[in-house]
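In: Next one to model:
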Amino acid sequence: MAERERLRRRLDDGLAALDLDLSDAVRDRLIAYVELLARWNAAYNLTAVRDPGEMVARHLLDSLAIAPHVSGTTLADLGSGAGLPGIPLALVAPERQVTLVDSNGKKARFLREAVRALKLANVRVIEGRVQDVPGQFDCVTARAFATLADMLNWAGGLLADGGNWLAMKGKVDEAEIAAVPAGFRVERIVTLQVPATVGERHLIVVRKA
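Out: Numbers count the residues shown, from 1 in each chain. This next block holds a predicted model:
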């Protein structure tokens, strides 16, 4: 219980810094997700972050920092890995339908278990390449997945008209911005202030031109 209280305090402090007001029930489910990830990580090596407290900062808070920029009723999280940012975003907005996409079998198995254990009725998992995902989405997220040009060339068709592609990056690479393919434009670059983390974090918002 002491460990869970430590994680909860870290989450509460981070949410206050992000000015996000979430119910106790949602906060408890976010902590349950971190606990599940920590258990699976010991065997499946889903993330290089080992300490659950660090997972709260570097995974949960990092993901939730983009929540104010997510819009629409459908979201696809490409290269979701351990479910980041897709699962935290699904937990805080249960009315939004979220699709988690990853081609790695062990990561997809974890995602399916997380959906089951956390009772995420608004989430589905697709095990496969982003190029093969059907449909279109109001919002597409990708966290350190590939270059902007590669992501948009592979899966730009997934973005619905009027939707936002949210690429989570560390430092902004001007050459990467300049290489955005025809048909898309970078609408804005947001500097993210993620509590209890070091290093630069940016959100690159892309729309169809």
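In: hang on, isn't residue 177 packed against residue 204?
Out: Yes. Contact criterion Cβ atoms under 8 Å: residue 177 and residue 204 qualify, at 7.3 Å. All C-beta spots, glycine's among them, are computed from the backbone N, C-alpha and C.
In: Around residue 164, count how many other residues there are.
Out: By other Cβ atoms under 10 Å, 23 other residues sit near residue 164.
In: Please disregard the earlier target; I meant residue 187.
Out: By other Cβ under 10 Å, neighbour count at residue 187 equals 12.
In: about what we covered before: same drill for residue 177 and residue 204, tell me which one is more crowded.
Out: Neighbours were counted for residue 177 and for residue 204 using other Cβ under 10 Å; residue 204 has more, 21 against 15.
In: Look up phi and psi at the spatially closest residue to the more buried one that is not a sequence neighbour.
Out: Nearest non-adjacent residue to residue 204, counting by Cβ to Cβ, 6 or more residues apart in numbering: residue 167, 4.3 Å away. Per-residue torsions, residue 167: phi -100, psi 120 (degrees, to the nearest 10).
In: what's the overlap in contacts for residue 177 and residue 204?
Out: Common contacts of residue 177 and residue 204 (Cβ atoms under 8 Å, 6 or more residues apart in numbering): 148, 186, 189.
In: Quick one: residues contacting the second one.
Out: Which is residue 186. By Cβ under 8 Å, 6+ apart, the neighbours of residue 186 are 177, 180, 204, 205, 206.
In: let's see it at 10 Å
Out: Going by Cβ atoms under 10 Å, 6 or more residues apart in numbering, residue 186 touches 148, 165, 167, 172, 176, 177, 178, 180, 204, 205, 206, 207.
In: which SSE is the last one in?
Out: Counting by DSSP states H and E, the element that carries residue 207 is strand 202-208.
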